[in-house]
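*Asks:* sequence and computational prediction follow.
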There are 2 protein chains.
Amino acid sequence: MSDAALLARAPRLARRASRMQASEIRELLKIIEQPGVISFAGGIPDPALFPVDVIRQHYSDILSDPVSAGRALQYSVSEGDADLRDWIVDHMRSRGVACSRDNILITSGSQQALEFTAKLFLSPGDTALVTAPTYLGALQAFAASEPVFQDLDVADIEATAAQVRTRSESDPSDCKFAYVVPDFANPSGETMDLAARRRLLDLAERLDIAIIEDSPYAALRYEGEPVAPIQALDLEGGRSIDESRVVFCGSFSKVFTPGMRLGWVCASRDLIRRLVLIKQSSDLNAPALNQMVVARLTADHFDRQAARAQAHYRAKRDAMLEALSQHMPAHARWSEPEGGMFIWLAAGAGIDTAALLPRAIEEARAAYVPGRAFYADGRTSDAMRLSFSLPDCAQIRAGVERLAELVRQAG
Amino acid sequence: MSDAALLARAPRLARRASRMQASEIRELLKIIEQPGVISFAGGIPDPALFPVDVIRQHYSDILSDPVSAGRALQYSVSEGDADLRDWIVDHMRSRGVACSRDNILITSGSQQALEFTAKLFLSPGDTALVTAPTYLGALQAFAASEPVFQDLDVADIEATAAQVRTRSESDPSDCKFAYVVPDFANPSGETMDLAARRRLLDLAERLDIAIIEDSPYAALRYEGEPVAPIQALDLEGGRSIDESRVVFCGSFSKVFTPGMRLGWVCASRDLIRRLVLIKQSSDLNAPALNQMVVARLTADHFDRQAARAQAHYRAKRDAMLEALSQHMPAHARWSEPEGGMFIWLAAGAGIDTAALLPRAIEEARAAYVPGRAFYADGRTSDAMRLSFSLPDCAQIRAGVERLAELVRQAG
């Protein structure tokens, strides 16, 4: 076959797909997987925490009983397992969100919840407000719906509102939602305080947009007091969940295991009803067996497992913060997260952390995700995201010391 | 809160989501779930066939070994489990499709494969060719990308080509693919013969479009000789899979269990690479644990389990065909499928099977899916889809006899 014929056979793709490229960052990250490199790159739970024995026992129990086995291995409802949804209802209530089973959809991880909210709200050209930096996976999930991204500045909602209005006047497309990770954000590690949450609600009210509250790390708090979910604040004054403009996304990946691929959405019944149709058309339902296992896990173990994870990750966070204080040069600054898995480090003006990554791996034998990955416009950044969840404390100390030397040289 | 205020808070949705409605058919189907009603409605595998003990043993083995347990419960690659992909490579080769691991993506059921192909090919307004009738779930999966559906007539590709060209001249949008279920189709039960498959390839060549070959039932053949996959025919004459315009979708749901929600796509490396990015942004990866279980199941049990399922469903198909011959009036006609789960019955001119369904349930105590559900334009239809997979042979005989009486009265 000639080259011309081959070319003629190249498939004609959707606009979204022909724009899609393997991210440069992901290409960079491939070189991380080398022996001897200490990785602070992935936001990956420590498998030492997986409650493997309990999980194995639940699989065995469910599959030993013919009735539960038949149900576990069959097609099931798109909404998700009723017992698991009921646990989530109690969990959301304990966080100040009064809701019922009809307000909950089970998703295949919170990544799917983000992709579904994009499908729900975004037509091509619509505006999505995202913080800068923001979660890379959210940018990818939203991109399939071809929005225009604009910066959300929760410190200055006047500026954000003005920027949205400027775009809208020259352009008939709409701003549809603001997306935030309010607790121990990926990648910044920062937590929005009550005042910031209220300002965001005010902005959403003025722009008449939804708020996507992505909160996979909320149970992993290592110090300080929990801040009420934005959804709970929206319900103050007696508003019902069915009138809420907040779509809350939760996850079982960080407390239990990401292997089940299970998360949830809590929102008004109207939105959940539409999201159920999206779930149905996307993959029918999350595996019933996995949902039944997690329903049993949550009922008995959620609080205990969360406490175990808190103690485990707190020690790692402390080790990283201590090593940073000890070794990093004066031109570096970093966040001090009260929970989660991430520290955001600004290496110093003029340092391009994407350009620096190959040297980090070859010379410092330590890896991070360059800040640039977390901006919708891919802007050059002097920041790096450091995850402390997977390496042990000795690796954290050694890796930070080596990275600090590199940052000193680059500064 | 006043009604006006409530209205003001109604969220502004994406165009696709505001068009989305709970299908009238699904509302109808809710009334099926009544005691005493024999349902031929769902295309649901018989749980009596689930290899529960083997599945339980695999879960136990995988979770008993710390290394495999850690891998099973962690995030994993979006492409899917390497062992499972290697089995699929062998399976596709045995069906005439020479391919390698890089040509395979694991999806969360073949429903997700359909949704992903829509994302890959369809921008809003693009044309998707679908048979009339076609699989309801495909219509739902494609609809999120807002295509225009046109009828694909594989018996008359000249007419189909002319219709596509007519639309394209008045409209800059593109025709992107033709979608077929070539083996024991859902809902018609029919199998495309070799000549029809070659005509479809010819049409695709002339229109320069992809072919989506959805083949979840292929292993469930009860008589006659297998027909080569359209993808295998596309590779005749030495064309490589990487030049193929066919996207093949397979499933483990019908042979093993739908509970794992696992299927696959086989396509050119270029398309798989893009589909992997779509998988990553949609839900990161299918649960590794379930993939590892199915990899072990396929290696030891696929052929044996397929043979079991063939014998089991063949008896049910025969019971239904015999009961139809015995009881249906002369104005009814039906397909005689060589495999799969479905018989398509035309009740007779002037009978609207959607309007008839409530009487079928109340009087005949038997249920079906009205033909209308399977047309993109929701046209009135005298057809019904009868599934023989779930009820036992006695129920099949009783239910068909009762339905036949109703069809006689309606005719």
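*Replies:* Structure received.

*Asks:* now do the strands in the stretch 251-400 of chain A.
*Replies:* For the stretch 251-400 of chain A, the strands defined by DSSP state E, counting those that start in this stretch occupy A:263-266, A:333-334, A:342-346, A:366-367, A:369-370, A:383-387.

*Asks:* tell me the SS of A:Q150?
*Replies:* strand (DSSP: H, G, I helix; E, B strand; the rest coil).

*Asks:* what's the local residue count around it?
*Replies:* 19 (other Cβ atoms under 10 Å in any protein chain shown). Every C-beta, even on glycine, is put in place using the N, C-alpha and C of the backbone.

*Asks:* relative to chain B, how far out is A:Y59?
*Replies:* 4 Å (Cβ to the nearest Cβ, to the nearest Å).

*Asks:* between the strands of the stretch 251-400 of chain A, which one is closest to chain B.
*Replies:* Closest to chain B of these is strand A:263-266 (Cβ to the nearest Cβ; 9.4 Å).

*Asks:* could I get the strands of the stretch 251-400 of chain A as a markdown table with mean neighbour count?
*Replies:* Below are these laid out as a markdown table (neighbours: other Cβ atoms under 10 Å in any protein chain shown):
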| stretch | mean neighbour count |
| --- | --- |
| strand A:263-266 | 27 |
| strand A:333-334 | 16 |
| strand A:342-346 | 23 |
| strand A:366-367 | 26 |
| strand A:369-370 | 26 |
| strand A:383-387 | 26 |
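
*Asks:* save those strands as JSON lines, and put in mean pLDDT and distance to B:S123 too.
*Replies:* As requested, the strands of the stretch 251-400 of chain A are exported to JSON lines (pLDDT from 0 to 100; distance: least, Cβ to Cβ, whole Å):
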{"stretch": "strand A:263-266", "mean pLDDT": "98", "distance to B:S123": "27"}
{"stretch": "strand A:333-334", "mean pLDDT": "98", "distance to B:S123": "43"}
{"stretch": "strand A:342-346", "mean pLDDT": "98", "distance to B:S123": "36"}
{"stretch": "strand A:366-367", "mean pLDDT": "95", "distance to B:S123": "37"}
{"stretch": "strand A:369-370", "mean pLDDT": "94", "distance to B:S123": "31"}
{"stretch": "strand A:383-387", "mean pLDDT": "97", "distance to B:S123": "33"}
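
*Asks:* rebuild these as JSON lines, extending it with distance to A:V164.
*Replies:* Below are those laid out as JSON lines (distance: least, Cβ to Cβ, whole Å):
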{"stretch": "strand A:263-266", "distance to A:V164": "25"}
{"stretch": "strand A:333-334", "distance to A:V164": "30"}
{"stretch": "strand A:342-346", "distance to A:V164": "26"}
{"stretch": "strand A:366-367", "distance to A:V164": "37"}
{"stretch": "strand A:369-370", "distance to A:V164": "28"}
{"stretch": "strand A:383-387", "distance to A:V164": "25"}
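
*Asks:* hey, which helix or strand in chain A has the poorest pLDDT?
*Replies:* helix A:3-8 (a mean of 48; mean pLDDT, DSSP states H and E).

*Asks:* CA-only coordinates of the very next helix or strand once past it in PDB, if you can.
*Replies:* Using DSSP states H and E, the helix or strand that follows helix A:3-8 towards the C-terminus is helix A:15-19. The C-alpha coordinates for helix A:15-19 follow below in PDB (Å, rounded to 0.1, in the frame of the first residue of the first chain):
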ATOM      1  CA  ARG A  15     -12.800  17.400  16.700                       C
ATOM      2  CA  ARG A  16     -12.100  16.600  20.300                       C
ATOM      3  CA  ALA A  17     -10.200  13.400  19.400                       C
ATOM      4  CA  SER A  18      -8.000  15.000  16.700                       C
ATOM      5  CA  ARG A  19      -7.000  17.600  19.200                       C
END
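
*Asks:* is any part of helix A:15-19 close to chain B?
*Replies:* Yes - Helix A:15-19 comes into contact with chain B (Cβ under 8 Å from any Cβ of the partner chain), by way of A:15-17.

*Asks:* do the same with stretch A:230-246
*Replies:* Yes - Stretch A:230-246 reaches chain B (Cβ under 8 Å from any Cβ) through A:239, A:243, A:245.

*Asks:* ranking by neighbours, what's the top pick from these?
*Replies:* The most neighbours of any of these, using other Cβ under 10 Å, belong to A:R245, which has 22 neighbours.

*Asks:* residues of the stretch 201-350 of chain A that sit close to chain B?
*Replies:* Going by Cβ under 8 Å from any Cβ, the residues of the stretch 201-350 of chain A near chain B are A:208-210, A:239, A:243, A:245, A:257-261, A:268, A:270-271, A:273-274, A:277-278, A:280-290.

*Asks:* show me which of those residues are buried.
*Replies:* Using 16 or more other Cβ atoms under 10 Å in any protein chain shown as the burial test, these include A:209-210, A:243, A:245, A:257-261, A:268, A:271, A:273-274, A:277-278, A:280-290 as buried.

*Asks:* for A:A118, what are its contacts?
*Replies:* By Cβ atoms under 8 Å, 6 or more residues apart in numbering or on different chains, the contact list for A:A118 reads A:128, A:141-142, A:144-145, A:147.

*Asks:* hmm, try it at 7 Å
*Replies:* Neighbouring residues of A:A118 by Cβ atoms under 7 Å, 6 or more residues apart in numbering or on different chains: A:141-142, A:144-145.

*Asks:* sitting in helices, which of those do you find?
*Replies:* If you go by DSSP state H, these have A:141-142 in helices.

*Asks:* so how do I select the buried members of the contacts of A:A118 in ChimeraX?
*Replies:* In ChimeraX, this line selects whichever of the contacts of A:A118 come out buried by 16+ other Cβ under 10 Å:
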select /A:141,142,144,145
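
*Asks:* tally of neighbours for A:H331?
*Replies:* Other residues close to A:H331 by other Cβ under 10 Å number 16.

*Asks:* skipping adjacent residues, who's closest to it in space?
*Replies:* Of all residues not flanking A:H331 in the chain, A:G348 sits nearest, at 3.5 Å (Cβ to Cβ, 6 or more residues apart in numbering or on different chains).

*Asks:* and A:W87, by the same measure?
*Replies:* A:T298 (4.7 Å).
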